[in-house]
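Student: Pasting a predicted model and its sequence here:
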Amino acid sequence: MQKSSLNNSKDFLRLGIAPGILNILQKKGFKEPTPIQAQSIPVALEGKDLVGIAQTGTGKTLAFGIPVIQNLFQNRGVGLIVLPTRELAIQVRESLNIIAPSFKMKTAMLIGGAPIGRQISELRQKPEIIIGTPGRIIDHLDHRTLNLSGVKILVLDEADRMLDMGFAPQLKRILNFVPAERQTLLFSATMPPDIINIARSFMKLPTQIEIAPPGTASANVTQEVFIVRREQKQALLNSLLNDYRGSVLVFVRTKFSAKKIARNIRDANHTATELHSNRTLGQRRASLEGFKNGVYRVLVATDIASRGIDVSGIELVVNYDLPAQAEDYVHRIGRTGRASAVGHAISFATPDQRKELYFIEKLLRKSLPLAKLPESLPELPPISKTGPRFYSQNRPRKFNRDFNQGGNRFRRRD
């Protein structure tokens with residue numbers, strides 16, 4: 001792969017964007033491109049294949065959306081955008097529909113959980129841009145309601161997340177259905193070996209653009225960790241909700257936990273909703289819209305919401321449960337501190353999660369500050385001497401030394 005030379009343009013005018021799109025950007029208040037937009041747009045407008053490495057919340061949608069619309073308008077053809085989740089597909093369609101209708105370009109969205117008949121109707125209108133998740137795209141291909149022979153531009157967004165979710169077989173099938181002569185734009189937050197293999201096998205001399213090394217958290221997000229026993233987590237969360245006044249996004253590992261914790265938050269007189277895969281598409285959209293619009297102050301979610309959900313103004317992200325993979329920590333806390341705003345992230349770690357914290361700090365290449373538990377937390381019986389060692393809040397530096405030196409001796413507990 002070729003690496004791109006740095007483009008330090010401070011406005012959209014110098015990126016080669018057509019005047020009609022520039023006017024729309026100006027009317028919508030887009031004044032200065034983000035780094036990924038400044039470097040990706042000129043390369044993509046030239047029709048080159050591109051691999052963009054950037055974290056969530058960096059403006060990747062417009063980084064590929066503007067070139068897709070402009071190139072398709074000038075050269076005709078179809079653009080196919082493949083994404084890992086329904087929510088991300090909905091967000092991308094909303095963003096593209098800011099520009100596409102002005103050029104009489106139609107979009108179709110193919111996602112699970114939505115009526116397939118409506119999607120077939122959209123496809124019959126011959127949309128210029130098709131947005132979808134891998135599983136539903138394969139469904140349409142199997143039923144021969146989708147023809148990808150006219151695809152001129154293929155976008156794989158959040159490619160590493162799609163691979164993490166087990167979509168590799170579906171992606172390979174889709175890549176075999178699209179023409180070999182096409183432009184391919186691949187965006188990812190990390191660069192695992194599978195992404196490199198896709199670039200080598202299905203792309204033509206792609207230009208690589210890397211905005212921040214993998215594991216780089218936003219400088220606008222401050223972080224801290226509470227070492228807390230499992231039985232104290234809910235009380236600690238309630239205390240934090242009283243200390244903060246803005247919107248709060250709470251991450252948990254399981255669907256059951258999301259439902260239970262959201263109910264407990266409501267019992268504590270805070271408005272809360274939940275987002276996980278057990279909810280219908282309509283329920284998930286209602287939860288997100290309610291959270292965006294202030295109907296709900298707190299959103300409790302599994303990792304389905306850790307990437308690609310563009311909700312501005314989140315004051316606090318709480319990792320009620322540490323993520324199963326250290327890389328997901330960066331994506332979770334990236335939900336706050338977006339678009340140059342400041343944000344804060346708090347994580348709860350139980351005394352036996354030294355290994356999980358070790359891997360997170362190793363990824364971040366720094367230690368996370370330990371916070372002192374509120375005195376208002378109810379006291380619990382001391383942990384048995386035969387059980388896991390409990391690290392006192394009065395010895396944070398000792399805790400840091402311990403898990404940084406010997407963390408990988410301990411078994412992971414998912």
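Tutor: Yes, it's here. In this text, all values refer to a predicted model and were calculated from it rather than measured experimentally.
Student: Show me what the closest residue to residue 68 other than its chain neighbours is bridged to.
Tutor: Closest residue in space to residue 68, ignoring its immediate chain neighbours: residue 79 at 4.6 Å, by C-beta to C-beta, 6 or more residues apart in numbering. No exception for glycine: its C-beta is placed from N, CA and C like everyone else's. Bridge pairing for residue 79 (DSSP bridges) gives the partners residue 129, residue 153.
Student: Residue 79 and residue 155 touch, don't they?
Tutor: Yes - counting by C-beta atoms under 8 Å, residue 79 touches residue 155, with 6.9 Å between them.
Student: Show me the domain layout of the chain.
Tutor: Domain assignment for the chain by automatic domain parsing gives 2-210, 221-409.
Student: Dump these to a markdown table, plus mean neighbour count and mean pLDDT.
Tutor: Listed next are those as a markdown table, based on neighbours: other C-beta atoms under 10 Å; pLDDT from 0 to 100:
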| stretch | mean neighbour count | mean pLDDT |
| --- | --- | --- |
| domain 2-210 | 19 | 91 |
| domain 221-409 | 18 | 83 |
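Student: Now for residue 83: which residues touch it?
Tutor: Residue 83 makes contact with 89, 92, 131, 132, 133, 157, 158, 162, 308, according to C-beta atoms under 8 Å, 6 or more residues apart in numbering.
Student: Please state the backbone phi and psi of it?
Tutor: Backbone torsions of residue 83, given as degrees, to the nearest 10, read phi -140, psi 160.
Student: same check, this time on residue 367
Tutor: phi -90, psi 150.
Student: again with the one 10 residues further on
Tutor: Phi and psi for residue 377, reported as degrees, to the nearest 10, are phi -60, psi 140.
Student: do you know how far it is from residue 174?
Tutor: 50 Å (C-beta to C-beta, to the nearest Å).
Student: With residue 116 instead?
Tutor: From residue 116 to residue 174 the distance is 17 Å (C-beta to C-beta).
Student: what do residue 79 and residue 155 both touch?
Tutor: residue 68.
Student: Show me where the stretch 1-150 of the chain has its helices.
Tutor: For the stretch 1-150 of the chain, the helices defined by DSSP state H, counting those that start in this stretch cover 19-27, 35-45, 60-75, 86-96, 116-124, 134-142.
Student: One more: the stretch 151-300 of the chain?
Tutor: Counting by DSSP H, counting those that start in this stretch, the stretch 151-300 of the chain has helices at residues 159-164, 168-177, 193-202, 233-243, 255-267, 281-293.
Student: out of those, which comes closest to residue 33?
Tutor: Nearest to residue 33 among the helices of the stretch 151-300 of the chain is helix 159-164; the distance by C-beta to C-beta comes to 22.0 Å.
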